[in-house]
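In: My questions are about this predicted structure, shown below with the sequence.
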Amino acid sequence: MKAGAEAGADLVVIETFTDLQDARAAVLAAKENTDLPVWVTMTFEESGRTFTGTTISAFAMTMEALGVEAVGINCSLGPNEILPLIQEMAEWTRLPLIVKPNAGLPDPATGEYHLKASDFADQMLPFAKLPVYVMGGCCGTNPDYIRELVKSTINIEPPIPNKEVRRGICSPTKTCEFGGVRVIGERLNPTGKKKFQKALLEHDMAYILNVALEEEEAGADVLDVNVGVPGGDEKELMVEVLRALLGVVSLPLQIDSRDPETVEAALRIYPGRALVNSINADDKTLDRLLPVLKKYGAATVALCLSDEEGIPPTAEGRVRMAEHILERTDAIGIPRDDLLMDCLTLTVSAQQDQARETLRALRTVTEEFGVHATLGVSNISFGLPARMHITENFLIQAMTCGLDFPIVNPNQLSIMDAVASFKVLSGEDESCNAYIERFSNRVETSQVTIDIASGAAGTGSKTAGTGAGAAGSAAGSASKFGEPGTIRYSVIKGLKEETRAIAEARLDQMSEEDLINQELIPALDQVGELYEKGTLFLPQLISAANAATAAFDMIRDRIAKKGDGSQVDRGSIVICTVKGDVHDIGKNIVRVVLENYGYHMIDLGRDVPVETVVDCVVKNKIKLVGLSALMTTTLPAMKETIDAIKAVSPETKIMVGGAVLTPEYAEEMGADFYSRDAKDGVEIAKKVFGK
């Protein structure tokens, strides 16, 4: 490319390619080393695929995304055979088209091409009705053929290329067209998946490929690929995993990373048009990633949040984030129909109103901005029993509000059934053909459910079991949670006012310290045990913590009024989410629970600079610090914070937690403790403070 440009070439022509990755390599070489316009043509069989299987849609979308000036077909076939192929190509690109056929098909015996120059020119005339701006000849043609072609077409003005074309993402062999609901498989992601984390760290590609194939066979249209695991090199792992996947999986992939180097390394080797889950409304993030996405022409997922503000609590706030992102993407020339807005799914068990806000934002961005939408659906039900009911219901509501790229587990049958049913009702599944194919041979059976509290079984939504047996089970349940009217019972049930009243009454019989040690803390211990066993879930855990807080607040107020110097405070703990990370739900739960155990919590918030943490530790002579990080990209900030604390206060102990952490990586970073959850945090605090 450099030699051609230096010698005075006016144009780069890349032609007769059969492999999409080879063509991409040539285009990148031209774009990165010259300022010349680039034309690309590939050689297709009558099947509409190249020799290596590349589809017309994949070629057209990928080349346009890379910024070439024209695309088309050359060689292999004659004009009549190429015509339907170029018609299909015109549906997938806005670029001017190029056609350079052979002089018909060669004689198998002699190898001679059967079309004469005049016949060739006649067969080329139908191309003039298409946005074909460049015509020529390939094998079997000579200057005479070109003269005849010029004579027959010289006065024909080609139509303007289509503005409205089919869009999508693709691997070389499979296209996922935008339009209708498309499922993104969520399982190639280490968050909360110990086996997958282990496979990444041990480079166990066999395990990873099996997961991918299971998703593909279950009906996923796209596979999300996230390799951000503590202790792993994200860039190297992404390249390794992509290369492995591309060898066995035909589906398009979503590259899930916010690291520009990882994203570029992935896009550089990806032989198609990928979807990238990477940007949000933060200008620094946009400045770093938009040029990469523009260069490789990737379709893009944009999260309606910013590093500074986090996730807006209202639909209007998220829409505002979407508008800012669109201002930036419009300015750089990224088409809106290549954007998927993520209005963000929050856990309804912790923030119940957020489901409605997400749906409101979803409807607005899809209807008003002309973009597609994606959501990580499964997060909606975290911490609840029978999660599938909530997940499925939310998915259906979200699809009604415009969600067309749900990120779900495709191996969950009811989820995929819901998608299939929605496609019938939305009209996407014409004549219900796909639905009939899916269900015609399925045998539906009644599902038997068991009520854990009563031990009774029933069919569907009905629960059997009445009389003495059921009453006895209910009594046993009450006994397990304590008797009504006790602190243990009221805390476990999350009864704030009752807990406070009972605690206040108990202070007529015991001291504040005894009430904490003998009543409140044992109650919270049992809450933690029940949560671990799956008997209680996240909403109950939060409610129990709030109930205990009501009692603790009353005790502190009482001590303050007495003014006798009594101390409930067991010690001071600094807690925060590290620099660059805006997630704080887990950190907040740990803070509330530790407060309930009588520890003085200094909550520095989220996205906290290293120096802020260090200053607080030194100023308050802190014995224990809790650091949280949810994203793999912020783990370096966690290690930096640990190192800085240890440098100025070696005696301070540090516990770390977050979905992406493991005990091994916590130790590697220099943390003293790994805290899996709030209950672990309490046990760690007891060790550090001895009480």
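Out: Looks like it arrived, so ask away. Numbers count the residues shown, from 1 in each chain.

In: which residues of the chain score low on pLDDT?
Out: Along the chain, the model assigns pLDDT under 70 to residues 108-111, 444-481, 532, 534, 536, 538-539, 563-569, 585, 632.

In: List the contacts of T52.
Out: Counting by Cβ atoms under 8 Å, 6 or more residues apart in numbering, T52 touches 18-20, 172. No exception for glycine: its C-beta is placed from N, CA and C like everyone else's.

In: following the helix of greatest length in the chain, which helix or strand comes up?
Out: Longest helix in the chain, counting residues (DSSP state H): helix 538-562. Where DSSP states H and E defines the elements, the next helix or strand beyond helix 538-562 is strand 572-578.

In: how much space is there between P101 and L149?
Out: Distance, P101 to L149, using Cβ to Cβ, to the nearest Å: 10 Å.

In: So for the two, which sits in the more crowded spot?
Out: P101 (30 against 23; other Cβ atoms under 10 Å).

In: Please look at that one and P79 and confirm they touch.
Out: Yes. If you go by Cβ atoms under 8 Å, P101 and P79 touch, sitting 4.6 Å apart.

In: Now do the shared contacts for these two.
Out: Overlap of the contact sets of P101 and P79 (by Cβ under 8 Å, 6+ apart) consists of 120, 123-124.

In: mind putting those residues in JSON lines, neighbour count and distance to E504 included?
Out: What follows is the shared contacts of P101 and P79, written out as JSON lines (neighbours: other Cβ atoms under 10 Å; distance: Cβ to Cβ, whole Å):
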{"residue": "F120", "neighbour count": "25", "distance to E504": "98"}
{"residue": "Q123", "neighbour count": "20", "distance to E504": "95"}
{"residue": "M124", "neighbour count": "25", "distance to E504": "94"}
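
In: would TSV of these with distance to A266 and secondary structure be doable?
Out: Output for these, formatted as TSV (distance: Cβ to Cβ, whole Å; DSSP: H, G, I helix; E, B strand; the rest coil):
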residue	distance to A266	secondary structure
F120	44	helix
Q123	43	helix
M124	41	helix
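
In: Show me where the stretch 201-350 of the chain has its strands.
Out: Here the stretch 201-350 of the chain has its strands, by DSSP state E, counting those that start in this stretch, at 222-225, 253-256, 275-279, 299-303, 339-342.

In: Pairing partners for the second one, with directions?
Out: For strand 253-256, sheet partners with direction are given as strand 222-225 (parallel), strand 275-279 (parallel), following DSSP bridges.

In: quick one: C170 and P252 touch, right?
Out: Yes. With contact defined as Cβ under 8 Å, C170 counts as touching P252 (5.3 Å).

In: These two: who's more crowded?
Out: Using other Cβ under 10 Å, the more surrounded residue of C170 and P252 is C170, with 29 against 26.

In: need the contact list for the more buried one.
Out: Here C170 is in contact with 55, 57-58, 61-62, 176, 252, 272-273 (Cβ under 8 Å, 6+ apart).

In: Report how many residues lie close to the closest residue to it other than its chain neighbours.
Out: With sequence-adjacent residues excluded and distances taken as Cβ to Cβ, 6 or more residues apart in numbering, C170 is closest to A58, at 4.0 Å. A58 has 27 neighbouring residues, counting by other Cβ under 10 Å.

In: tilt between the strand or helix carrying A58 and strand 299-303?
Out: Element membership of A58 [criterion: DSSP H and E] is helix 56-66. Following axes from the mean of the first three to the mean of the last three Cα atoms, to 10 degrees, one obtains 60 degrees for the angle between helix 56-66 and strand 299-303.

In: next one: helix 56-66 to chain centre, how far?
Out: 24 Å (Cα atoms, centre = their mean, to the nearest Å).

In: show me the contacts for C432.
Out: By Cβ under 8 Å, 6+ apart, the contact set of C432 is V424.

In: Make 13 the first number, not 1, from now on.
Out: Sure, I'll start counting at 13 from here, so that last one is C444.

In: and the gap between it and C188?
Out: The gap separating C444 from C188 is 22 Å, by Cβ to Cβ.

In: list residues touching both of P113 and L161?
Out: Contact criterion Cβ under 8 Å, 6+ apart; residues shared by P113 and L161: 132, 136, 149.

In: Export those residues to a markdown table and append columns for distance to I291.
Out: A markdown table is the format used below for those (distance: Cβ to Cβ, whole Å):
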| residue | distance to I291 |
| --- | --- |
| F132 | 49 |
| M136 | 45 |
| G149 | 45 |
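
In: quick one: which of the residues you listed is nearest P675?
Out: Nearest to P675 out of these is G149 (Cβ to Cβ; 67.7 Å).

In: Grab the nearest non-local neighbour of the closest one.
Out: Counting by Cβ to Cβ, 6+ apart, the residue nearest G149 is Y157, at 4.7 Å.

In: Count the residues that sit near that neighbour.
Out: Number of residues near Y157 (other Cβ under 10 Å) recorded here: 24.

In: try V52
Out: Neighbours of V52 (other Cβ under 10 Å): 28.

In: A42 versus the nearest residue in space to it that is not next to it in sequence, what's the distance?
Out: Nearest non-adjacent residue to V52, counting by Cβ to Cβ, 6+ apart: I26, 4.5 Å away. To A42, I26 is 7 Å away according to Cβ to Cβ.

In: Over to D615?
Out: According to Cβ to Cβ, D615 and A42 sit 54 Å apart.

In: One more: K163?
Out: Counting by Cβ to Cβ, the separation of K163 from A42 is 33 Å.
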